[in-house]
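Engineer: Provide a 3D model corresponding to the input given below.
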Amino acid sequence: MQAVILAAGLGTRMRSLTHTTAKPLLRIGKRALLDYTFDALPDEVDEVIVVVGYLGEQVRAYLGETFRGKKIQYVVQEKLQGTAKALWEAKPLLKDKFLVLMADDIYAREDIRKCLKHDYAILVTRSTEVGPGGKVKLDEKNQLVSVEEGKVHPAGTLISTNVFVLTPELFTYEPVKLTDREGEWGLPQTVVELSKDYSVAVVEATRWIKITTPEDLQIAEKLLHV
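Structural biologist: Below you'll find the model as predicted:
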(Lines give C-alpha, C1' and ligand atoms only; values in the text may rest on other atoms or scores of the structure.)
Protein backbone atom coordinates (compact mmCIF):
# COMPACT_ATOMS: atom_id res chain seq x y z
CA MET A 1 0.00 0.00 0.00
CA GLN A 2 1.15 3.53 -0.73
CA ALA A 3 1.31 6.50 1.64
CA VAL A 4 1.89 10.13 0.77
CA ILE A 5 3.76 12.32 3.25
CA LEU A 6 3.43 16.06 2.68
CA ALA A 7 6.78 17.64 3.57
CA ALA A 8 7.12 20.70 1.34
CA GLY A 9 6.29 23.54 3.75
CA LEU A 10 8.53 26.41 4.76
CA GLY A 11 8.06 25.95 8.51
CA THR A 12 7.61 29.71 8.85
CA ARG A 13 6.28 29.56 12.40
CA MET A 14 9.34 27.52 13.38
CA ARG A 15 11.82 30.28 12.59
CA SER A 16 14.73 30.49 13.36
CA LEU A 17 14.98 26.70 13.62
CA THR A 18 13.96 26.22 10.00
CA HIS A 19 16.32 28.76 8.46
CA THR A 20 18.81 25.96 7.83
CA THR A 21 16.86 22.79 8.69
CA ALA A 22 13.79 21.34 6.97
CA LYS A 23 10.95 21.27 9.49
CA PRO A 24 10.39 17.47 9.21
CA LEU A 25 13.99 17.01 10.39
CA LEU A 26 13.64 19.04 13.58
CA ARG A 27 14.22 16.93 16.67
CA ILE A 28 12.01 15.72 19.45
CA GLY A 29 14.49 14.25 21.87
CA LYS A 30 17.09 12.54 19.70
CA ARG A 31 14.77 11.69 16.80
CA ALA A 32 13.58 13.68 13.80
CA LEU A 33 9.89 14.43 13.32
CA LEU A 34 9.98 12.19 10.26
CA ASP A 35 10.92 9.22 12.44
CA TYR A 36 7.69 9.69 14.38
CA THR A 37 5.77 9.96 11.11
CA PHE A 38 7.15 6.59 10.02
CA ASP A 39 6.30 5.15 13.45
CA ALA A 40 2.64 5.76 12.61
CA LEU A 41 2.72 3.87 9.30
CA PRO A 42 1.14 0.39 9.52
CA ASP A 43 3.11 -2.56 8.17
CA GLU A 44 0.98 -2.80 5.02
CA VAL A 45 2.42 0.51 3.83
CA ASP A 46 5.40 -0.59 1.74
CA GLU A 47 5.87 2.50 -0.46
CA VAL A 48 6.00 6.13 0.58
CA ILE A 49 5.77 9.12 -1.76
CA VAL A 50 7.26 12.21 -0.12
CA VAL A 51 6.24 15.63 -1.45
CA VAL A 52 9.22 17.90 -0.88
CA GLY A 53 9.87 21.58 -1.45
CA TYR A 54 11.78 23.89 0.87
CA LEU A 55 15.15 22.27 1.78
CA GLY A 56 13.88 19.11 0.15
CA GLU A 57 17.42 17.88 -0.50
CA GLN A 58 17.81 17.43 3.26
CA VAL A 59 14.74 15.21 3.40
CA ARG A 60 16.04 13.17 0.44
CA ALA A 61 19.42 12.74 2.13
CA TYR A 62 17.77 11.62 5.37
CA LEU A 63 15.34 9.10 3.91
CA GLY A 64 17.24 7.91 0.84
CA GLU A 65 15.65 5.43 -1.57
CA THR A 66 14.47 3.10 1.19
CA PHE A 67 13.75 3.92 4.80
CA ARG A 68 12.87 1.39 7.47
CA GLY A 69 12.12 -1.20 4.80
CA LYS A 70 9.80 1.03 2.76
CA LYS A 71 10.49 2.18 -0.79
CA ILE A 72 10.71 5.97 -1.02
CA GLN A 73 9.80 8.11 -4.03
CA TYR A 74 9.90 11.89 -4.24
CA VAL A 75 7.90 14.55 -6.03
CA VAL A 76 8.53 18.27 -5.83
CA GLN A 77 6.03 21.01 -5.08
CA GLU A 78 7.83 23.91 -6.75
CA LYS A 79 5.24 26.50 -5.71
CA LEU A 80 3.58 26.16 -2.33
CA GLN A 81 -0.16 26.30 -3.02
CA GLY A 82 -1.68 24.34 -0.16
CA THR A 83 -2.24 20.71 0.73
CA ALA A 84 -4.48 19.82 -2.23
CA LYS A 85 -1.96 21.03 -4.79
CA ALA A 86 0.77 19.21 -2.86
CA LEU A 87 -1.09 15.91 -3.12
CA TRP A 88 -1.81 16.49 -6.81
CA GLU A 89 1.96 16.40 -7.42
CA ALA A 90 1.86 12.71 -6.41
CA LYS A 91 -1.08 11.88 -8.67
CA PRO A 92 0.95 10.14 -11.44
CA LEU A 93 2.43 7.69 -8.92
CA LEU A 94 -0.72 6.66 -7.07
CA LYS A 95 -2.31 3.38 -8.10
CA ASP A 96 -4.92 2.32 -5.56
CA LYS A 97 -6.18 3.18 -2.08
CA PHE A 98 -3.58 5.33 -0.33
CA LEU A 99 -2.89 7.13 2.94
CA VAL A 100 -2.07 10.83 3.29
CA LEU A 101 -0.42 12.38 6.34
CA MET A 102 1.72 15.33 7.31
CA ALA A 103 5.48 15.08 7.84
CA ASP A 104 5.52 17.27 10.93
CA ASP A 105 2.71 16.08 13.21
CA ILE A 106 2.68 13.03 15.47
CA TYR A 107 0.00 10.38 15.07
CA ALA A 108 -0.86 7.07 16.72
CA ARG A 109 -0.45 3.99 14.56
CA GLU A 110 -3.66 2.47 15.91
CA ASP A 111 -5.61 5.52 14.72
CA ILE A 112 -4.17 5.11 11.23
CA ARG A 113 -5.16 1.44 11.28
CA LYS A 114 -8.74 2.39 12.13
CA CYS A 115 -8.80 4.75 9.16
CA LEU A 116 -7.50 2.06 6.81
CA LYS A 117 -10.54 -0.10 7.52
CA HIS A 118 -12.43 2.28 5.20
CA ASP A 119 -12.09 3.15 1.52
CA TYR A 120 -12.30 6.82 2.45
CA ALA A 121 -11.61 8.34 5.84
CA ILE A 122 -10.59 11.53 7.64
CA LEU A 123 -8.92 11.49 11.05
CA VAL A 124 -10.18 14.18 13.41
CA THR A 125 -9.53 15.24 16.97
CA ARG A 126 -11.68 17.04 19.53
CA SER A 127 -9.94 20.21 20.70
CA THR A 128 -9.38 20.70 24.40
CA GLU A 129 -8.89 24.46 24.23
CA VAL A 130 -9.61 27.48 22.05
CA GLY A 131 -7.34 27.48 19.02
CA PRO A 132 -6.84 27.36 15.24
CA GLY A 133 -7.41 24.54 12.76
CA GLY A 134 -9.79 23.08 10.23
CA LYS A 135 -13.19 22.84 11.93
CA VAL A 136 -14.99 19.66 10.85
CA LYS A 137 -18.78 19.84 10.64
CA LEU A 138 -20.94 16.72 10.54
CA ASP A 139 -24.64 16.26 9.86
CA GLU A 140 -27.12 14.41 12.07
CA LYS A 141 -25.93 11.11 10.54
CA ASN A 142 -22.29 11.94 11.34
CA GLN A 143 -21.54 12.45 7.66
CA LEU A 144 -18.91 14.97 6.63
CA VAL A 145 -20.43 18.35 5.71
CA SER A 146 -17.57 20.85 5.69
CA VAL A 147 -14.10 21.72 6.91
CA GLU A 148 -13.71 25.40 7.74
CA GLU A 149 -10.26 26.86 8.32
CA GLY A 150 -10.02 29.39 11.11
CA LYS A 151 -7.72 30.95 13.68
CA VAL A 152 -10.04 30.52 16.64
CA HIS A 153 -12.40 27.64 17.36
CA PRO A 154 -13.96 26.87 20.76
CA ALA A 155 -12.89 23.93 22.90
CA GLY A 156 -14.72 20.75 21.96
CA THR A 157 -14.55 21.46 18.23
CA LEU A 158 -13.74 18.61 15.86
CA ILE A 159 -10.50 19.50 14.07
CA SER A 160 -8.98 17.84 11.01
CA THR A 161 -5.59 16.25 11.63
CA ASN A 162 -4.89 16.17 7.88
CA VAL A 163 -4.77 12.37 7.79
CA PHE A 164 -6.85 10.86 5.00
CA VAL A 165 -7.50 7.52 3.36
CA LEU A 166 -8.34 8.09 -0.30
CA THR A 167 -8.34 6.51 -3.74
CA PRO A 168 -7.33 7.96 -7.12
CA GLU A 169 -11.02 8.76 -7.60
CA LEU A 170 -10.25 11.96 -5.67
CA PHE A 171 -8.40 13.30 -8.71
CA THR A 172 -11.63 13.44 -10.73
CA TYR A 173 -12.60 16.40 -8.51
CA GLU A 174 -11.20 19.90 -8.87
CA PRO A 175 -9.03 21.02 -5.93
CA VAL A 176 -10.97 23.50 -3.78
CA LYS A 177 -9.49 26.99 -3.54
CA LEU A 178 -9.51 28.44 -0.04
CA THR A 179 -11.38 31.72 0.13
CA ASP A 180 -9.49 32.98 3.16
CA ARG A 181 -5.97 32.11 2.00
CA GLU A 182 -4.49 33.66 -1.10
CA GLY A 183 -3.19 31.12 -3.58
CA GLU A 184 -3.97 27.98 -1.56
CA TRP A 185 -6.07 24.93 -2.36
CA GLY A 186 -7.21 22.80 0.58
CA LEU A 187 -7.16 19.01 0.68
CA PRO A 188 -9.74 18.73 3.50
CA GLN A 189 -12.15 20.90 1.53
CA THR A 190 -11.59 18.83 -1.61
CA VAL A 191 -12.34 15.66 0.36
CA VAL A 192 -15.62 17.31 1.40
CA GLU A 193 -16.52 17.53 -2.29
CA LEU A 194 -15.74 13.84 -2.71
CA SER A 195 -17.90 13.05 0.35
CA LYS A 196 -20.97 14.26 -1.55
CA ASP A 197 -20.65 11.16 -3.74
CA TYR A 198 -18.81 8.68 -1.49
CA SER A 199 -19.09 7.84 2.19
CA VAL A 200 -16.09 9.26 4.08
CA ALA A 201 -15.61 7.74 7.53
CA VAL A 202 -14.87 10.24 10.29
CA VAL A 203 -12.45 8.63 12.77
CA GLU A 204 -11.66 10.33 16.07
CA ALA A 205 -7.99 10.20 17.03
CA THR A 206 -6.72 8.94 20.37
CA ARG A 207 -3.55 11.03 19.96
CA TRP A 208 -2.47 13.91 17.76
CA ILE A 209 0.44 16.16 18.62
CA LYS A 210 0.47 19.15 16.31
CA ILE A 211 3.90 20.67 15.81
CA THR A 212 3.60 24.31 14.80
CA THR A 213 5.94 26.35 17.00
CA PRO A 214 9.28 25.72 18.78
CA GLU A 215 7.33 25.43 22.03
CA ASP A 216 5.40 22.49 20.55
CA LEU A 217 8.66 20.54 20.31
CA GLN A 218 9.15 20.93 24.06
CA ILE A 219 5.54 19.97 24.76
CA ALA A 220 5.92 16.88 22.57
CA GLU A 221 9.06 15.83 24.46
CA LYS A 222 7.12 15.87 27.71
CA LEU A 223 4.13 14.04 26.23
CA LEU A 224 6.32 11.36 24.67
CA HIS A 225 8.68 11.15 27.65
CA VAL A 226 11.81 11.58 25.54
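Engineer: and the lengthiest helix in the chain, what does it pack onto?
Structural biologist: Identified as the longest helix of the chain according to DSSP state H is helix 214-224. Where contact means 3 or more CB pairs under 8 Å, 6 or more residues apart in numbering; DSSP states H and E, helix 214-224 is packed against strand 27-28, strand 208-209. For the C-beta atoms, the positions are set from N, CA and C on the backbone; glycine is no exception.
Engineer: can you pull the pLDDT of Glu148?
Structural biologist: You'll see Glu148 listed with a pLDDT of 88.
Engineer: same check, this time on Asn142
Structural biologist: According to the prediction, Asn142 has pLDDT 84.
Engineer: can I assume it is in contact with Val202?
Structural biologist: Yes: applying CB atoms under 8 Å, one finds Asn142 in contact with Val202, separated by 6.2 Å.
Engineer: give the burial count for Gly53, as a bare number.
Structural biologist: 20 (other CB atoms under 10 Å).
Engineer: repeat that for Asp180.
Structural biologist: Around Asp180 there are 10 residues (other CB under 10 Å).
Engineer: tell me the secondary structure for it?
Structural biologist: Assigned with DSSP: H, G, I helix; E, B strand; the rest coil, Asp180 falls in the coil class.
Engineer: isn't Val76 up against Val52?
Structural biologist: Yes: Val76 is within contact range of Val52, at 5.9 Å (criterion: CB under 8 Å).
Engineer: so which of the helices and strands packed on helix 214-224 comes closest to Gly82?
Structural biologist: strand 208-209 (20.2 Å; CB to CB).
Engineer: that closest one packs against which elements?
Structural biologist: Looks like strand 208-209 contacts strand 106-107, helix 214-224 (3+ CB pairs under 8 Å, 6+ apart).
Engineer: contacts for that strand, please.
Structural biologist: The set of residues that contact strand 208-209 without belonging to it, under CB atoms under 8 Å, 6 or more residues apart in numbering, is 105-108, 111, 123, 125, 161, 216, 219-220, 223-224.
Engineer: highest average neighbour count across the helices and strands packed on helix 214-224?
Structural biologist: Ranked by mean neighbour count under mean count of other CB atoms under 10 Å, those are led by strand 208-209, which reaches a mean of 20.
Engineer: check which helix or strand covers the residue lying farthest from the centre of the chain.
Structural biologist: The outermost residue of the chain relative to its centre, with distances by CA atoms, centre = their mean, is Glu140 at 26.5 Å. Glu140 belongs to no helix or strand when assigned by DSSP states H and E.
Engineer: so can I have TSV of the helices and strands packed on helix 214-224 showing mean pLDDT and distance to Gly56?
Structural biologist: Compiled in TSV, the helices and strands packed on helix 214-224 are given as follows (pLDDT from 0 to 100; distance: least, CB to CB, whole Å):
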stretch	mean pLDDT	distance to Gly56
strand 27-28	93	19
strand 208-209	92	24
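Engineer: how about these, which one is nearest Ala40?
Structural biologist: Across the helices and strands packed on helix 214-224, Ala40 has its closest neighbour in strand 208-209 (10.2 Å, CB to CB).
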